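Student: Here's my sequence, what's the structure:
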Amino acid sequence: MIDHSLVSRHYESFSEGPRLQKSRVRRLEYDTTLHVLDRHLSPRSAVLELGAGHGAYSFRLARQGHRVTATDLVDVNVEAMLALAKEADDLESVEIRRADATSLDGFADGSYDSVLCLGPFYHLRTRELRRRCLLECRRALRDGGFVAVSYINRVFAVNYLLGNGIPLTADQYESLTDPDDERVDYPDEFFNVAHFSTQEAAEAELREAGFEIVEHAGADGVCGFFPETLEGLDEAAYLAFRDYHLTTCSQPSQRGASSHCLVVARKV
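Tutor: As a prediction, the model looks like this:
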């Protein structure tokens, strides 16, 4: 087991539930992720979601007919999902459990068609922890099943921080390039609990864990650099932009500018 106290305190400090709908940028991330997943999920798939938060993806996939196991490490998130499931009448297919993404004790080998790792990966700050997470995802998958891994683009993160008037020191910039960066003296709290990756590094870690890359997309594109513009659109204009984004989100340039990136990879 590892000390998850910093990550737990981070997510206990705000409500994870509405994060994916509270702004147009987050909504675009949500819409894009579902769009990509829908291309790869077979009907009535057995889906394991790690780090499900308040279950925004898990509950949506269950309503689409998938058999979902939603897990989270943070107790308040597990309790929130249990409360939401109790309130709903149509979510019997969601099983809710507490789980550590790096040690999936109690999950049988080859028991899922797909594993969603849309949060835990970018909170694992050493190569070894990320390797353990990916190997556990692979073990839980049937042969030919796929994993969907979200990571945070280092290029976006650094420029976003600088754009908000928060420069780093020379040694902090250097630390961010270390795949085993565990320092906790960054001026932004999220930087102390997150791992920031690159397109090349994320794909390499998946391949080393026994996966074949199927798709790689930028979930929110360039919008993080001008969120006010996106917020100012009316609904029709947002949907038109979203549809354009969905046709271009897998281009390397979009991934390079996006905050959240999504890699879909098949177990080989």
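
Student: Low-confidence ranges, the stretch 1-150 of the chain, go.
Tutor: Counting by pLDDT under 70, the low-confidence segments of the stretch 1-150 of the chain come to 1-21, 90.

Student: all helices in it, in order from the N-terminus.
Tutor: Counting by DSSP state H, counting those that start in this stretch, the stretch 1-150 of the chain has helices at residues 5-12, 24-40, 56-63, 75-87, 127-140.

Student: Residue 224 is nearest to which of these?
Tutor: Closest of these to residue 224 is helix 24-40, at 5.7 Å (criterion: C-beta to C-beta). All C-beta atoms are positioned from the backbone trio N, CA, C, and that covers glycine.

Student: Please compute how far that closest one lies from its chain's middle.
Tutor: 11 Å (C-alpha atoms, centre = their mean, to the nearest Å).

Student: in it, what's buried?
Tutor: 24-37, 40 (16 or more other C-beta atoms under 10 Å).

Student: mind giving me JSON lines with the helices of the stretch 1-150 of the chain and columns for distance to residue 262?
Tutor: Listed next are the helices of the stretch 1-150 of the chain as JSON lines, based on distance: least, C-beta to C-beta, whole Å:
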{"stretch": "helix 5-12", "distance to residue 262": "20"}
{"stretch": "helix 24-40", "distance to residue 262": "6"}
{"stretch": "helix 56-63", "distance to residue 262": "11"}
{"stretch": "helix 75-87", "distance to residue 262": "20"}
{"stretch": "helix 127-140", "distance to residue 262": "14"}
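
Student: of those, which approaches residue 107 most closely?
Tutor: That would be helix 127-140 among these, by C-beta to C-beta, at 5.1 Å.

Student: Which positions in the closest one come out as buried?
Tutor: So for helix 127-140, counting by 16+ other C-beta under 10 Å, buried means 129, 130, 132, 133, 134, 136, 137, 138, 139, 140.

Student: how much space between the second one and residue 91?
Tutor: Put plainly, it is residue 130. Computed as C-beta to C-beta, to the nearest Å, the residue 130 to residue 91 distance reads 31 Å.

Student: Residue 50 contacts residue 140, doesn't it?
Tutor: No: contact criterion C-beta atoms under 8 Å: residue 50 and residue 140 do not qualify, at 9.3 Å.

Student: Quickly list what's touching both of those two.
Tutor: Counting by C-beta atoms under 8 Å, 6 or more residues apart in numbering, the contacts common to residue 50 and residue 140 are residue 115.

Student: quick one: the residue of the chain most remote from its centre from residue 176, how far?
Tutor: Distance to the chain centre peaks in the chain at residue 170, reaching 28.7 Å (criterion: C-alpha atoms, centre = their mean). Applying C-beta to C-beta, the value for residue 170 to residue 176 is 11 Å.

Student: I appreciate the help and will end here.
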